[in-house]
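**Q** I'll drop the sequence and a predicted model, then ask my questions.
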Amino acid sequence: MRVPAPVFRLAKEKARLLLASADSGGIPHLASAGAMKRLSPERLEVRAWFCPQTLANLHENSRCSLVIWDTAADEGYQLVGEADAVRQGAVLDGYSPGEAPLPQVEYSVMIHVDRVLEFRHAPHTDAEITFASPPRS
């Protein structure tokens with residue numbers, strides 16, 4: 001499904017990004033995500049210092065959900081799709097010495113979006129959102 005511009009605007013301006021994954025047995029996991037950018041009309045990239053469980057889940061089960069949510073306005077979107085690639089980015093060595101091991105590799109997860117749903121704390125229907133097509137020039 002084509003990811004509409006309002007989703008990217010919200011992600012860039014003030015929203016929190018949360019990536020939900022599940023292992024092959026269906027055990028869910030939720031991770032905070034960082035920046036998001038468009039790769040194509042149906043595909044996007046999310047970058048973050050993801051924890052090992054997120055990466056293991058996506059390796060076992062590529063289905064995932066990305067929430068883009070402005071908590072103050074309580075408006076957002078849930079993008080349901082499939083992670084079709086995971087790439088390693090920045091690497092830090094010993095950034096947090098003496099502390100519990102923290103993710104020290106930034107990863108990019110490429111997601112092909114199948115559905116865009118409304119997301120908010122307030123009651124909502126989880127119905128798929130349809131956006132007007134932009135005018136053709």
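**A** Nice, thanks for sending it over.
**Q** what is the longest strand seen in the chain packed up against?
**A** Scanning the chain for the longest strand, with DSSP state E as the assignment, gives strand 75-91. Secondary structure elements in contact with strand 75-91, counted by 3 or more CB pairs under 8 Å, 6 or more residues apart in numbering; DSSP states H and E, are helix 5-13, strand 43-48, helix 52-60, strand 63-70, strand 105-119. For glycine as for every other residue, the C-beta is placed from the backbone atoms N, C-alpha and C.
**Q** what's next to it, contact-wise?
**A** For strand 75-91, the surrounding residues in contact (CB atoms under 8 Å, 6 or more residues apart in numbering) are 3, 7, 10, 15, 21, 43-44, 47, 55, 58-59, 62-70, 104-120, 126, 129.
**Q** and it with helix 5-13, angle?
**A** For strand 75-91 against helix 5-13, the angle by axes from the mean of the first three to the mean of the last three CA atoms, to 10 degrees is 60 degrees.
**Q** quick check, distance from strand 75-91 to the centre of its chain.
**A** Relative to its chain's centre, strand 75-91 lies at 4 Å (CA atoms, centre = their mean, to the nearest Å).
**Q** name the nearest residue to the residue most central in space within the chain, ignoring sequence neighbours.
**A** With distances taken as CA atoms, centre = their mean, the chain has residue 66 as the residue nearest its mean C-alpha position (3.4 Å). Residue nearest to residue 66 in three dimensions, not counting chain neighbours: residue 79, with 4.5 Å by CB to CB, 6 or more residues apart in numbering.
**Q** repeat that for residue 105.
**A** Closest residue to residue 105 apart from its sequence neighbours, by CB to CB, 6+ apart: residue 91 at 5.2 Å.
**Q** got the phi/psi numbers for residue 23?
**A** In this entry, residue 23 is assigned phi and psi values of phi -80, psi -180 (degrees, to the nearest 10).
**Q** ok, now residue 14?
**A** Main-chain torsions, residue 14, degrees, to the nearest 10: phi -160, psi 10.
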